[in-house]
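> Structure, please.
(4 chains)
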Number of protein chains: 2
Amino acid sequence: MTPAPTVFVVDDDPAVRKALGRLLHAEGLNVETYPSAESFLETLTPATLGCLILDLAMPGLSGLELQQALTERNISLPIIFLTGRGDIPSSVRAMKRGAVDFLTKPVEGQDLIAAIRLAINRGRSSAQSRDKVTEVHTRLTSLTPRERQVLCLIVTGMLNKQVAAHLGAAEKTIKVHRARVMRKMRADSFADLVRMAQRAGIGPEAI
Amino acid sequence: MTPAPTVFVVDDDPAVRKALGRLLHAEGLNVETYPSAESFLETLTPATLGCLILDLAMPGLSGLELQQALTERNISLPIIFLTGRGDIPSSVRAMKRGAVDFLTKPVEGQDLIAAIRLAINRGRSSAQSRDKVTEVHTRLTSLTPRERQVLCLIVTGMLNKQVAAHLGAAEKTIKVHRARVMRKMRADSFADLVRMAQRAGIGPEAI
DNA sequence: CCACGTGTAGGACCAAAGGACAATGGCGGA
DNA sequence: TCCGCCATTGTCCTTTGGTCCTACACGTGG
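Reported below is the predicted structural model:
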């Protein structure tokens, strides 16, 4: 239904890449393999959907460093670490930074598949909520400063006349701004607007 | 300011309990030590604030089993695992289930203290949001079934007359229910009500 | 200079929300 | 049986919100 997710495999061992490629392809998954973190980073778009199976120790960027790099670029591709010589501190660091799983070679095919399913689902839902938030943000940028101000005040529950007093304007003016906010934010009800503002982090903090 | 958080230490080794007790007390932290998971579980209230430093392998319930038990009892005390003979699968399982950290003995005092500070902060904020949600839930239970129905419909953005048509009642009736909902939920604005409903998981899903 | 966006504001008018007061009917517990 | 709670509906009135159309001032960039 949605664009097909892809499983990216980054491992410096050709045998591992080949074996994983075969295994996952047999499961009906799209697979792309990369021999290094750098080569993977090059061919990466922010809208990528799927998950990443990542080796820990590689020449060049290590797996943990790639994870860090993705975080810094604001790319939330779910990561499954798969390593032969891992240690506890590495696994803990990986999990702390949001890895879906941290498996050790040799890995049970079932375990890996299960982790991949989980990762793909997680990525899908996080992509959905991220899309919603960015959608709200783009609409927010279409507001004029005054409209944003009015938005912030009305979603805290203030009446038009209260907003007017607070901003030193006529109630009529606030009504105009309010109507424009509703239209520009494509909110089809006030409740809807409140929820959008909530998602954008605009709440009753400023009271 | 808030009730002082306590660091609970559960470890079967008396030497570890003694050493940790001294170290953490010197840091100005309240410490309670327990020789087993069972003894800790007995003296546990759901409103406990602080964090738990937990050994992995113990006679009786293991650390991971205690973590599971706390999850099942809906107790969200942040956990720091501290173990001598851990392995990667254990650490990954612990982190997946929400542990704050997974440290190995011998541990650097600084690392442990840092983890504790993080855990206590996490526990504090999660307790805050949990309190807010339960507060909303208790208010929800004070609503009559009809009032809850009306609440669900108005927070999706429906007008009184639409709700009336949807429920086969007069608009006036909906107004009365709506007013009672606002009073019982202690919402001081409609925006407020929408946010409360949001926290309680009542949203526009049902459309 | 003119067009455009922005902020401002007025009047007219209608729709929606909310409060005050009253009333009816059902249903379960004291 | 009577009381209290719940749900229901009504009328009357006020406040609030929302939508037209119109209008003016101000600054930016063609």
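> Please see if stretch A:102-122 touches chain B.
Yes: using Cβ under 8 Å from any Cβ of the partner chain, we find that stretch A:102-122 touches chain B at A:F102, A:T104. Where you see a C-beta, it was placed from the backbone N, CA and C, and this is true even at glycine.
> Now that stretch: buried residues?
Residues of stretch A:102-122 classed as buried under the neighbour-count rule (16 or more other Cβ atoms under 10 Å in any protein chain shown) are A:F102, A:L103, A:T104, A:V107, A:L112, A:A115, A:I116, A:A119, A:I120.
> CA atoms only: put it into PDB for me.
What follows is stretch A:102-122, C-alpha atoms only, in PDB (Å, rounded to 0.1, in the frame of the first residue of the first chain):
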ATOM      1  CA  PHE A 102      21.400  -5.400  18.800                       C
ATOM      2  CA  LEU A 103      22.000  -8.900  17.600                       C
ATOM      3  CA  THR A 104      25.200 -11.000  17.500                       C
ATOM      4  CA  LYS A 105      26.400 -13.200  14.700                       C
ATOM      5  CA  PRO A 106      25.600 -15.900  14.100                       C
ATOM      6  CA  VAL A 107      22.000 -14.800  14.200                       C
ATOM      7  CA  GLU A 108      18.900 -16.900  14.000                       C
ATOM      8  CA  GLY A 109      17.100 -16.100  10.800                       C
ATOM      9  CA  GLN A 110      13.800 -15.900  12.700                       C
ATOM     10  CA  ASP A 111      15.200 -13.400  15.200                       C
ATOM     11  CA  LEU A 112      16.500 -11.100  12.500                       C
ATOM     12  CA  ILE A 113      13.300 -11.300  10.500                       C
ATOM     13  CA  ALA A 114      11.200 -10.500  13.600                       C
ATOM     14  CA  ALA A 115      13.500  -7.500  14.400                       C
ATOM     15  CA  ILE A 116      13.100  -6.300  10.800                       C
ATOM     16  CA  ARG A 117       9.400  -6.500  10.900                       C
ATOM     17  CA  LEU A 118       9.400  -4.500  14.200                       C
ATOM     18  CA  ALA A 119      11.800  -2.000  12.800                       C
ATOM     19  CA  ILE A 120       9.800  -1.400   9.700                       C
ATOM     20  CA  ASN A 121       6.600  -0.900  11.600                       C
ATOM     21  CA  ARG A 122       8.300   1.500  14.000                       C
END
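> Can you tell me what sits against that stretch?
Contact with stretch A:102-122 is made by A:5, A:7, A:16, A:23-24, A:27, A:29, A:50-51, A:53, A:78-84, A:86, A:90-91, A:94-95, A:100-101, B:88-89, B:92, as judged by Cβ atoms under 8 Å, 6 or more residues apart in numbering or on different chains.
> Is there any residue in the helix ranked longest in chain A that contacts DNA strand C?
For chain A, the helix that runs over the most residues, judged by DSSP state H, is helix A:109-141. No: Helix A:109-141 lies out of reach of DNA strand C by Cβ under 7 Å from any atom of the strand, never closer than 10.4 Å.
> Show me what the mean pLDDT comes to for that helix.
Per-residue pLDDT over helix A:109-141 has a mean of 95.
> how far away is the most centrally placed residue in chain A from B:K105?
Residue closest to the average C-alpha location in chain A (Cα atoms, centre = their mean): A:S76, at 4.4 Å. A:S76 sits 34 Å away from B:K105, going by Cβ to Cβ, to the nearest Å.
> Against A:V176, how distant is the residue in chain A that DNA strand C sits nearest to?
Closest approach between chain A and DNA strand C, counting by Cβ to the nearest atom of the strand: A:T144, at 2.8 Å. To A:V176, A:T144 is 11 Å away according to Cβ to Cβ.
> pLDDT below threshold where in chain A?
A:1-2, A:206-207 (pLDDT under 70).
> residues in it within reach of DNA strand D, list them.
A:L159, A:N160, A:K161, A:K175, A:V176, A:R178, A:A179, A:M182, A:F190.
> Next up, phi/psi of A:A47, please.
When read as degrees, to the nearest 10, the backbone of A:A47 gives phi -90, psi 10.
> what does A:C51 give?
phi -150, psi 170.
> What is the burial count for it?
Around A:C51 there are 28 other residues, counting by other Cβ atoms under 10 Å in any protein chain shown.
> nearest spatial neighbour of it, skipping sequence neighbours?
A:A119 (3.7 Å; Cβ to Cβ, 6 or more residues apart in numbering or on different chains).
> What separation do you get for the one you found and DNA strand D?
For A:A119, the distance to DNA strand D equals 42 Å [Cβ to the nearest atom of the strand, to the nearest Å].
> now do A:A94
To DNA strand D, A:A94 is 48 Å away according to Cβ to the nearest atom of the strand.
> Confirm for me that that residue is in contact with A:Q67.
Yes: the criterion here is Cβ atoms under 8 Å, and A:A94 meets it with A:Q67 at 6.6 Å.
> Could I get the full set of helices for chain A?
Going by DSSP H, chain A shows helices at A:14-26, A:37-42, A:63-72, A:88-96, A:109-141, A:145-154, A:160-167, A:171-184, A:190-199.
> Can you list the buried residues in the first one?
The reference is to helix A:14-26. So, applying 16+ other Cβ under 10 Å, buried residues of helix A:14-26: A:V16, A:R17, A:L20, A:G21, A:L23, A:L24.
> Next: stretch A:33-45.
By neighbour count on 16+ other Cβ under 10 Å, the buried set for stretch A:33-45 is A:T33, A:Y34, A:P35, A:S36, A:A37, A:F40, A:L41, A:L44.
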